[in-house]
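[1] 3D model of this:
(one chain, ligands or ions: 2)
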Amino acid sequence: MKVTLKDLTKRFPGRSRKDPAVTAVNDFDFEIPSGQLVGLLGPSGCGKSTTLLMICGLEKPTQGRIFFDDEDVTDIPPEERGVGLVFQNYALYPHMTVEQNIMFPLGNLKGEQKLSKEEMKRRALEAAKLVQIDQLMGRRPKELSGGQQQRVAIARALVKMPRVLLMDEPLSNLDARLRLQTRVEIRRIQRETGITTIFVTHDQEEAMSISDTIVVMKDGVVQQIGRPQDVYDDPNNLFVAKFLGTPPINVFSGSLRGGRLCIGEEEVFSIDELGADFVAASASDSADSGSDGVRREPGKLAKDAGDTDVWIGIRPEGFYVDEKGPLTCTLKGVEVMGRDVTVLSSHPAFDGETIRTIVDSENRPDTGRKEVHFRVRPGKIFVFSKETGERLYGSR
Ligand code: ADP
Ligand code: MG
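    Ligands and ions are numbered 1, 2, ... in the order given. Here you go, the predicted structure:
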């Protein structure tokens, strides 16, 4: 089942001057391909839950339409949309057994859809097997771990074989280990059933690890849609670049001056050194590129650019320690974590406290020194507008 959001907007009216109106979801216009697991990702308050509630029918859009395949479901009540819902708090009925909890949605079926008790039990068992809790059918929720309770909630959402499965931060109440394990399970179940699934989370690592496609959102506005690795490698703007990745991207205040890229006042990279593919971000990324007052054309080399103040973002894995490298930082420490070595350093133009760079263990700096010199990998450095945060340049 393909899900299409067409110009979808949700505005909540303000209650007072201190609590003004919010546009929780602003003009969403994209398609969720059939059979995919799509992660809606963004900080708290960016409109993820509101989007999900509109798709399931519990919130009414202010504007726009929702389609399941070619069917316009915008005015169809939630119970007729064929969606399964899983929330952060599992909301199981405490007085019912696991089996009764899973069967519950089937009991609501009416008319010719009504099922016999045997058929309900059979379907509940099938759903329970899918999430591997079929041996726990006789227990009550309080006799289960958090992870098991969440599996019951997932089985309950699956029992009617929904056309679309919606999950709102389903792993947030689990401890770190269970979270990892359960996300692998969700991925497996999604693959096995092929149900189009929309998974909401504020945790970028979670979204990146299980999604076929991620939709990065901020303040009710979609920032970028793509395969997780593509969005990571090719961020549209500074927000997306900073939101994805642990440790996060290192951001420096800098400028583009003719053919040179400066961090602070130092010229640290010549564009020639970054390679011929260090070019302007493609115009197709955003219809309003150019509105930031910085002229750029797709494919245009950064070395032809006029002088501009910029943010320079470099991924932690984009640095090499090199005696002759152009970027000189003050060495603060070295952390060895198994295979990885993290070099901690500082620089006056760095936007933050500590620059974190990940290098190979053979490439670690001499900890006796006060300074460390770096070179960068061309594909790991991005240039963003200081005015708008839009990406101006990067490697292709
Ligand atoms: P998220 O799930 O990404 O954390 P939400 O979709 O819950 O974000 O909320 C998006 C914005 O809409 C927030 O500013 C929130 O305060 C506001 N909002 C959500 N629900 C309501 C509501 N029922 N009434 C008023 N404002 C709401
Ligand atoms: Mg939410």
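[2] pLDDT weak spots in the stretch 201-350 of the chain?
    276, 282-303 (pLDDT under 70).
[3] Strands of that one, start to end?
    Assigned by DSSP state E, counting those that start in this stretch, the stretch 201-350 of the chain shows strands spanning 213-218, 221-226, 250-257, 260-263, 266-270, 278-280, 308-314, 319-321, 327-337, 340-346.
[4] okay, these in CSV with distance to ligand 1 and mean neighbour count next?
    For the C-beta atoms, the positions are set from N, CA and C on the backbone; glycine is no exception. Conversion of the strands of the stretch 201-350 of the chain to CSV gives the following (distance: least, C-beta to the nearest ligand atom, whole Å; neighbours: other C-beta atoms under 10 Å):
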stretch, distance to ligand 1, mean neighbour count
strand 213-218, 7, 24
strand 221-226, 12, 19
strand 250-257, 24, 21
strand 260-263, 34, 22
strand 266-270, 37, 18
strand 278-280, 32, 23
strand 308-314, 24, 22
strand 319-321, 33, 20
strand 327-337, 32, 15
strand 340-346, 31, 18
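[5] To Val98, which of those strands lies closest?
    Relative to Val98, the nearest member of these by C-beta to C-beta is strand 213-218, separated by 32.6 Å.
[6] can you give me how far that closest one is from the chain middle?
    5 Å (C-alpha atoms, centre = their mean, to the nearest Å).
[7] Now do the contacts for the closest residue to ligand 1 within the stretch 251-396 of the chain.
    Nearest to ligand 1 in the stretch 251-396 of the chain, going by C-beta to the nearest ligand atom, is Gly389, at a distance of 19.7 Å. The contact partners of Gly389, by C-beta atoms under 8 Å, 6 or more residues apart in numbering, come to Asn237, Leu238, Phe239, Trp311.
[8] Now flag whichever of those residues is closest to ligand 1.
    Nearest member of the contacts of Gly389 to ligand 1, counting by C-beta to the nearest ligand atom, is Phe239, at 14.5 Å.
[9] pretty sure Tyr206 is touching Leu171, no?
    No Tyr there; residue 206 is Glu. Yes. Between Glu206 and Leu171 there is a contact under C-beta atoms under 8 Å: 6.6 Å.
[10] Quick check: neighbours shared by those two?
    Taking C-beta under 8 Å, 6+ apart as the contact rule, Glu206 and Leu171 both touch Arg179, Arg183.
[11] With neighbour numbers in mind, choose between these two.
    The residue with more neighbours, out of Glu206 and Leu171, is Leu171; 26 against 21, by other C-beta atoms under 10 Å.
[12] List the buried residues for stretch 87-107?
    87-88, 90, 92, 97-106 (16 or more other C-beta atoms under 10 Å).
[13] residues in contact with the most centrally placed residue in the chain?
    When C-alpha atoms, centre = their mean is applied to the chain, the residue found nearest the centroid is Leu41 (3.5 Å). Taking C-beta under 8 Å, 6+ apart as the contact definition, Leu41 lies against Lys48, Thr201, His202, Gln204, Ala207, Ser211, Ile214, Val215, Val216, Met217, Phe243.
[14] Now for the first one, how many residues are close by?
    As a burial measure, Lys48 scores 26 neighbours (other C-beta under 10 Å).
[15] What helix or strand is Ile198 located in?
    strand 196-201 (DSSP states H and E).
[16] Would you mind naming what in the chain lies close to ligand 1?
    Counting by C-beta under 6 Å from any ligand atom, the chain comes close to ligand 1 at Phe12, Val22, Ala24, Gly42, Ser44, Gly45, Cys46, Gly47, Lys48, Ser49, Thr50.
[17] so who does the residue nearest to the fourth one when sequence neighbours are not counted touch?
    Which is Gly42. Excluding its sequence neighbours, the residue lying closest to Gly42 (C-beta to C-beta, 6 or more residues apart in numbering) is Met217, at 3.6 Å. The contact partners of Met217, taken as C-beta under 8 Å, 6+ apart, are Leu40, Leu41, Gly42, Cys46, Gly47, Lys48, Thr51, Gln223.
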